[in-house]
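Engineer: my questions concern the predicted model and sequence given below.
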Amino acid sequence: MRKSVRSQLASKILYEERWFNRSDQTQYERDIFADLMLRLNLKNIEFESPSPPQPDIILSLYNSDSKVRKIGCELTDLYWDNTDQGSLQKQKIAKWKNFSTKLQDNLRGLKKGYEYIYGVLSLKNFNECLKSDNDLIDELINILTSHKFPFKTKIEDFKSSSYLKKHCNSLSLTTYPESDLLWWESSLLSGKLEYEPSVLNKPIIKKHKKDHDFSGCEEKWLLIYAGGNNLGNTITFFEEELKNVKYSKNKFDRIIYWDCFLENIFQLYPKFKILIKTTNNNSIIQKNNLPEIITKNIN
């Protein structure tokens, strides 16, 4: 089966609704923990999503001896560029998605064919340019309607008086056999990553201060999740960097860190352990390092 075009483009993140739309936070949490259990090859597990102050997820593990063991789990998304208003990078991508969706709505209103065009813009100043998104859309449409199909070109020389001349370095256009492709801006997944292992302490402190009711749970887990789908939550560390990190006082029995970019899963607390290490696209579960509470549920 042929892969869709949109799944292979840089703009594929714009289609990940669970990342943008958290109207169903419970389902998001269940999806993350289900993925984690799948990677650990765990079986005979039920997921419960209780209401606060109980934890985000309660895992019920059914062993061969019919004994049910419960783990209360909290989830936190990790962004190295977090502020009091959230991740700056996530806000930037969300702003671009709104613009790109609006642009595609306008393209569908043109004559047949323009909805098959995919564009990548390189902007001089992202926020300044999008202050007047209608001006930008009007000029992009003017460029499209003045060129002939099929599109496969890169434009770097814009009219001297144009909005694009002032705000854009280049525009790359390609025609694909798939319609309604959301356009991309080249700076969205580029830039300097500035973080240290101490960034992991921020979510630990925040979750520790939150009131939780873990009654009935044998263990209390915190999963720190670095989704790896944008610059703000692409956070990778070598094992050596994590082994000697001093973590803040907390109420959890285990703290697990999932680096989705490299597909590594580490136990950070109470003692550093490698749970899953991925090399050359081959993920290996370190069974000897897994918590005793789950070992009887491993396939």
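Structural biologist: Sure, I can see it.
Engineer: for Cys73, give me its contacts.
Structural biologist: Each residue near Cys73 by Cβ atoms under 8 Å, 6 or more residues apart in numbering is listed here: 33, 55-59, 221-223. C-beta coordinates here come from the backbone N, C-alpha and C atoms, glycine included.
Engineer: repeat that with 7 Å
Structural biologist: By Cβ atoms under 7 Å, 6 or more residues apart in numbering, the contact set of Cys73 is 33, 55-57, 59, 221, 223.
Engineer: any chance of CSV for the residues you listed, columns secondary structure, pLDDT and distance to Ser172?
Structural biologist: Shown next, in CSV, are the contacts of Cys73 (DSSP: H, G, I helix; E, B strand; the rest coil; pLDDT from 0 to 100; distance: Cβ to Cβ, whole Å):
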residue, secondary structure, pLDDT, distance to Ser172
Phe33, helix, 94, 39
Pro55, coil, 96, 46
Asp56, coil, 95, 42
Ile57, strand, 96, 43
Leu59, strand, 95, 46
Trp221, strand, 97, 45
Leu223, strand, 97, 39
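Engineer: dump those residues to TSV, plus distance to Glu128 and neighbour count.
Structural biologist: Listed next are the contacts of Cys73 as TSV, based on distance: Cβ to Cβ, whole Å; neighbours: other Cβ atoms under 10 Å:
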residue	distance to Glu128	neighbour count
Phe33	41	23
Pro55	43	25
Asp56	39	23
Ile57	42	23
Leu59	47	24
Trp221	44	24
Leu223	38	24
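Engineer: nearest to Asp77 among those?
Structural biologist: Nearest to Asp77 among those is Leu223, at 9.8 Å by Cβ to Cβ.
Engineer: surely that closest one touches Asp77?
Structural biologist: No. Proximity of Leu223 to Asp77 does not meet the contact threshold set by Cβ atoms under 7 Å, at 9.8 Å.
Engineer: list the buried residues in the helix ranked longest in the chain.
Structural biologist: Longest helix in the chain, counting residues (DSSP state H): helix 88-108. Within helix 88-108, the residues that count as buried by 16 or more other Cβ atoms under 10 Å are 89-90, 92-93, 95-97, 99-100, 103-104, 107.
Engineer: what helices and strands are in contact with it?
Structural biologist: Packing partners of helix 88-108 (3 or more Cβ pairs under 7 Å, 6 or more residues apart in numbering; DSSP states H and E): helix 133-145.
Engineer: please name the nearest non-neighbouring residue to Leu130.
Structural biologist: Distance criterion Cβ to Cβ, 6 or more residues apart in numbering; nearest residue to Leu130, sequence neighbours excluded, is Phe99 at 5.8 Å.
Engineer: how close does the one you found get to Ser132?
Structural biologist: In this view, Phe99 and Ser132 are 11 Å apart by Cβ to Cβ, to the nearest Å.
Engineer: one more: Glu240?
Structural biologist: Separation of Glu240 from Ser132 (Cβ to Cβ): 49 Å.
Engineer: what does the model give the residue lying closest to Leu231 once chain neighbours are set aside for pLDDT?
Structural biologist: Closest residue to Leu231 apart from its sequence neighbours, by Cβ to Cβ, 6+ apart: Gln89 at 4.9 Å. Among the per-residue scores, Gln89 shows a pLDDT of 82.
Engineer: got a list of what Gln89 touches?
Structural biologist: Gln89 makes contact with 81, 230-232, according to Cβ under 7 Å, 6+ apart.
Engineer: quick check: the two most widely separated of the residues you listed?
Structural biologist: The widest separation within the contacts of Gln89 (Cβ to Cβ) is 9.8 Å, between Asp81 and Asn230.
Engineer: could you save the contacts of Cys73 as TSV and add columns showing distance to Ser248?
Structural biologist: Listed next are the contacts of Cys73 as TSV, based on distance: Cβ to Cβ, whole Å:
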residue	distance to Ser248
Phe33	23
Pro55	19
Asp56	20
Ile57	22
Leu59	24
Trp221	16
Leu223	16
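Engineer: ok, these vs Asn289, which is closest?
Structural biologist: In terms of Cβ to Cβ, no member of these lies closer to Asn289 than Trp221, at 15.0 Å.
Engineer: who are the contact partners of that closest one?
Structural biologist: By Cβ under 7 Å, 6+ apart, the residues touching Trp221 are 71, 73, 252-254, 256.
Engineer: how far away is it from Ile274?
Structural biologist: As defined by Cβ to Cβ, Trp221 lies at a distance of 17 Å from Ile274.
Engineer: what does the domain assignment say about the protein?
Structural biologist: With domains defined by automatic domain parsing, the chain comprises 6-80+195-295, 87-185.
Engineer: now the terminal residues of the longest one, how far apart.
Structural biologist: Which is domain 6-80+195-295. Domain 6-80+195-295 has an end-to-end distance of 39 Å (criterion: Cα to Cα, to the nearest Å).
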